[in-house]
Structures are given as C-alpha cells and as structure tokens.
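Colleague: could you look at this predicted model? Sequence included:
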Amino acid sequence: MSAPFFLGKVIDVIYTNPGGDFADSLTSLCALLSGIFLCGAAANATRVYLMQTAGQRIVKRLRATLFSSILKQETAFFDKTRTGELINRLSSDTALLGRSVTENLSDGLRAGAQASVGVGMMFFVSPNLAAFVLSVVPPLAVLAVIYGRYLRKLTKVTQDSLAEATQLAEERIGNIRTVRAFGQEMSEMEKYTNKVDYVLQLAKKEALARAGFFGATGLSGNLIVLSVLYKGGLLMGSAYMTVGELSSFLMYAFWVGISIGGLSSFYSELMKGLGAGGRLWELIERKPQLPFNEGIILGKDTFRGALEFKDIEFAYPTRPETSIFKDFSLSIPAGSVMALVGPSGTGKSTIVSLLLRLYDPVSGTITVDGFDIRQLNPLWFRTKIGTVSQEPILFSCSIAENIAYGAEDPSTVTAEEIQKVAEIANAASFIKDFPKGFDTVVGEKGILLSGNPYIVYSRKPYNPKILLLDEATSALDAENEYLVQEALDRLMEGRTVLIIAHRLSTIQNADLVAVLGQGKIIECGKHEELLANPHGLFRKLMQKQAFLQNSDTFALDIQSREKDVLEENI
Ligand SMILES: Nc1ncnc2c1ncn2[C@@H]1O[C@H](COP(=O)(O)OP(=O)(O)OP(=O)(O)O)[C@@H](O)[C@H]1O
C-alpha cells in the first residue's frame, strides 16, 4: 500500500528539481521501492500457496466427513435420496465451499484491506479530493449487495438443476441394460439434453447478471478516474496539490476501485459457498434414524444364533400404506437350517433386510438368543451374519479383495485365508483358471463375475454364526448344481441358516420349511409333513414349481393321483 505514495514522491523529486540534481534521492527512493515490491511479491506468493493448500485440505476433510456421514445413514435414507444428488454434494459442493472459505476469503480480506488503507491514504494525500470521490461509492455498494443476493438465488437453482441432470445420467448409465432393452436411448438422450439445456439457460441468466454488473462497475471506475483528473487538475492549478500527490492519489483511487470490484465478487462467491455449505452441513449433521455403531455386543458364549420374529408388522418407509407383514412370527432354533418359500413379492427378501436391521419393524420384536436386535450393536451384529443376496454385486477390484470384503477387517486378511475360503466355496480351482488368478480384476459393477455362485459364497464373514442366503433363481447345470450344493452344505454346517429357497434339493435338505404368504407364516414344519398336507400352500407351490421346472425327481414325490388333479388345475 506504500508503493503509490513513494511513486508520487519519485515524480515530485523529478519535477521539483528541473536542473537534474536529483540522482541521489532518486536512487535511494527507487531502492526502497524495489525492497517494498520484493516483500510484496514474496507475501503474495506465500498467501496464494498457503490458501490453495489449505483449501485443498479443507475439501479433503469435508469429503471424508461427508462420505462417512452418508455411509452411516439408515437404509431408508438411501431409498428416499437420489445417488446423483449425494455424488454432487460430495464432488462439486465440497469444492465450492473449500474455495470459498480459503482463496476467496483471502482475496476478499486482501481487497478489504486494500480498500480501507487506500481510502485512508486518499484522505492523507488530499482530503478535499477524497471527499469528492467517495461520494460515488455508497451507491456502488448498494448495487453490489442487491446483485449478491440475486446471484445467490440463481446459483442455488443452477446447482439443483445440475444435480438433477447428473442424477439422470447416473441412473441411466448405471442401468444401461434396461435402457437398451427398451430401446430408449434416443429418448434418454433427449431428456438429458433438455436438463442440461435448462442448466445452460440459467447459466446464461447468471452471465447476463454478471455482465451488467461488471459493465456498470467498470464504467463507474473509469468515471471516478476521470473526475479525479478533472478535480485534481483544478486543485493543482490553485497550487493545493503537487503533480506527485495527484499521481499517488490517482493510483490509490485506482486500487480502491479494483478492490471494491474484488470485494463484490468476493461477496457473491461467499454467498455461493454459503449456499453449498448449508446443504453440506445439513447432510453432515444429519443423525441417522437407526444407530450405526452403538449397542450391546454379545460375548462368544451368549451368542448362539437362535432367531425369533414375534408379531412383526412392517411397511417400507417409502410406502407406509403398503403393509408387507402383519402378525409375522417365526422361530429359528440355533444351528438349524430354515428354508423360506413363498410366492414372489410376499416379502422373503424383506425378512433378510429386517434381520440385518436395514429397517426396523413398525411393531413387534426380532430377538437373537433372547436379545432384541434393537439393543444390539448393528455394526457388530452384521459382521456376524453371512449374507448372500440374489443379485450380489462384486466391486471392481481383484477377486481376492472381493472375497476379503466379508471379513471384519479386510486389510488384515492373508492370501492363505482367502485361498481357504475360496476352497470351501468350491471357487479356488475356477479362480485359478484365470491368467491372474486371485488378482484378476472384476469388471465394473461385477458384470463379468457377479452371477458366479462360487465367488459369491466365498464372500462371507469368516465363521459367521448366522447365514442369510437368497438362492439364485436361475437354473444351474447338473455339475454346477452339485458343486454349489456341496459348497452350501459345508457353509451351513453348525450355523443358524435362513435360506430363501428356490431349489428343491435345498428345501428337502433343510431342517424346517416355512411358507410365507399374505404377510405372515402360513405353514411351518418339516418338508415331508408339509407335503403331506393335501390342502397346504406348500404342497401347491411345490407342485406348481415341479411342473414349471419339469423336475422328474420331484414329480416322483407326488402320487400320481395328485398329479392328475394338479394337471387339471394348471
Ligand atoms: N426398498 C423398498 N422400498 C419399498 N418397497 C419395497 C422395497 N423393497 C421391496 N419392496 C416391496 O416389498 C414387497 C416385498 O418384496 P421382497 O423383495 O421382500 O419380496 P420377495 O418375496 O423376496 O420377492 P422375490 O421372490 O421376487 O424376490 C414387494 O412388493 C416389493 O415391491
């Protein structure tokens, strides 16, 4: 800030010594100025470096905190919130906020300091001229505030519509098979183009607002300079000012003008950052409705794995009016295998979700060894449960990493352990056939290997007490069927197993079979007992399935008399 003052002095030294006897004072003044400039450059470079690195650190920390907060939310939150929106918060909002509180803040502070010191120096150099110039600043300030508010509103709308476009792209790219199967590529392209078109329109509006504002501020800056020259010229004529003082004043006025411009963009950027920040804090501070890592942890001796559902009533939070269970009760003794069968859509997978505590029932209790699962620590409890869903997803990393994913702490799993679990699941020989063996990287979204039952069965917690299996409905050839059954038998040994069964062999081998229908268990008992009940739902289901699958083995189970009746029905 001292530079214009000394530059004015240099000019005065030159002008007031027309004889040319000013070399000494000019040299020392210029040396002083060089020193000032050097200091200024060093301070500026340091400021930019520190602020940028601080900004990046803030962004990094925000992203990590936000990601962990997102992962802690209850499952219903993800049913209601779009993935694209969360990704947008994680990528662009964090960057916006990080930039706003560092680079932007430092630029703003710098502009603020420059403007206030500049004004002070203007009064110091010429109070008369300063008072004249500053009469035009207040209207400019009012303009900046109005503009800032308008821009803040506009930015929020732009960000929201951008999030919508991202969400659409993410969903359609993620489900490209569905889009392709329905031949909807063209209409999806059009939909996306319309969304980004809207973003463009908003951006144009923002550009127009900015253009008007910057045009106006530029013009007023130039007018200020012109009026300073005019008024200063008059003052110089009446010997109230030297040429050096007028030059200093002009430079200060110029700096003040630039700083005010900087301050207004600082204000609008800060507003943008605050807008993004509001949305981020909302998400970071959101308390999950189900606890994440709190509750009782059962000791080894207490935890045996006996499961009991008592009078469960449940509806998904997104569809509270559609009841899935009413008076649902089921008891699975520790160490037994319970096969769950029932028509499609009756809520078999929902039982698994309730046991994993992805959702809490509306009423009723689920107990494990007599403990209500709401009292247990969900994080601990889930690591004690082995789950295989019908459409398991393998992540796009190596097969070894995918298998280790089931462990409590995947980073500590050794190659030998991975090899061992793969062998138990009959997967080892198949994996070794790949050129890179266990290091083979699974294709994005696990498309290449996801359906593979061996890898899927390998990925379970080591030694889980409870297994929840959702059998794949797709038919396997005889050899694979045998290998999968063998792996399953090994897996199920000595554990409490709830298996959503589709294959006859699984149902026959289970200790108990429960039949689900109309929101509750309709029949439960041994396979043969249920089959013996001529009017039972289980029998009907099995008969239907036997004919659908054209299973000769199963057809033998049914007496020919019953077969005739069934054929008639079908
Ligand atoms: N996250 C969810 N939000 C809202 N409704 C859901 C959700 N998941 C499942 N449903 C609904 O709950 C009902 C039961 O679904 P569920 O998947 O548990 O049945 P299922 O018996 O396992 O069916 P299938 O044998 O076809 O897999 C279905 O009507 C389904 O549309």
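Modeller: Thanks, I have the structure now.
Colleague: secondary structure element for Val145, which one?
Modeller: Assigned by DSSP states H and E, Val145 falls within helix 137-174.
Colleague: residues of that helix that come out buried?
Modeller: Neighbour-count burial for helix 137-174, counted by 16 or more other C-beta atoms under 10 Å, picks out 137, 140, 143-144, 147-148, 150-152, 154-156, 158-159, 161-170, 172. Where C-beta positions appear, they are placed from N, C-alpha and C, glycine not excepted.
Colleague: figure out how far stretch 167-175 is from the centre of its chain.
Modeller: Taking C-alpha atoms, centre = their mean, to the nearest Å, one finds stretch 167-175 lying 15 Å from the centre of the chain it belongs to.
Colleague: and stretch 440-450, what's its mean pLDDT?
Modeller: Taken as a whole, stretch 440-450 has a mean pLDDT of 59.
Colleague: from the chain's centroid, how far away is stretch 99-106?
Modeller: 24 Å.
Colleague: which neighbouring elements make contact with the longest helix along the chain?
Modeller: What stands out as the longest helix in the chain, according to DSSP state H, is helix 185-237. Helix 185-237 makes packing contacts with helix 127-134, helix 137-174, helix 243-284 when contacts are defined by 3 or more C-beta pairs under 8 Å, 6 or more residues apart in numbering; DSSP states H and E.
Colleague: what packs against the longest one?
Modeller: Meaning helix 243-284. helix 3-16, helix 23-72, helix 94-101, helix 103-125, helix 127-134, helix 137-174, helix 185-237.
Colleague: so which of the ones you listed is the most packed in?
Modeller: Sort those by mean neighbour count, taking mean count of other C-beta atoms under 10 Å, and helix 94-101 sits at the top with a mean of 22.
Colleague: got a list of contacts for that helix?
Modeller: When contacts are defined by C-beta atoms under 8 Å, 6 or more residues apart in numbering, helix 94-101 is touched by residues 55-56, 58-59, 62-63, 66, 269-270, 272-274, 276-277, 280.
Colleague: change it to 6 Å
Modeller: Gly55, Ile58, Val59, Leu62, Arg63, Glu269, Leu270, Gly273, Ala276, Gly277 (C-beta atoms under 6 Å, 6 or more residues apart in numbering).
Colleague: one step back: could I get the helices and strands packed on helix 185-237 in CSV, plus columns for distance to the ligand?
Modeller: Shown next, in CSV, are these (distance: least, C-beta to the nearest ligand atom, whole Å):
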stretch, distance to the ligand
helix 127-134, 63
helix 137-174, 16
helix 243-284, 21
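Colleague: among those helices, which comes closest to Tyr15?
Modeller: Minimum separation from Tyr15 across those (C-beta to C-beta) falls at helix 243-284, 5.4 Å.
Colleague: now that closest one against helix 94-101, angle please.
Modeller: Interaxial angle, helix 243-284 versus helix 94-101 (axes from the mean of the first three to the mean of the last three C-alpha atoms, to 10 degrees): 140 degrees.
Colleague: which element follows helix 243-284 toward the C-terminus?
Modeller: Next in sequence after helix 243-284, counting helices and strands by DSSP H and E, comes strand 307-315.
Colleague: that next one vs the ligand: in contact?
Modeller: No. Figure legend: strand 307-315 not in contact with the ligand (C-beta under 6 Å from any ligand atom); closest approach 8.4 Å.
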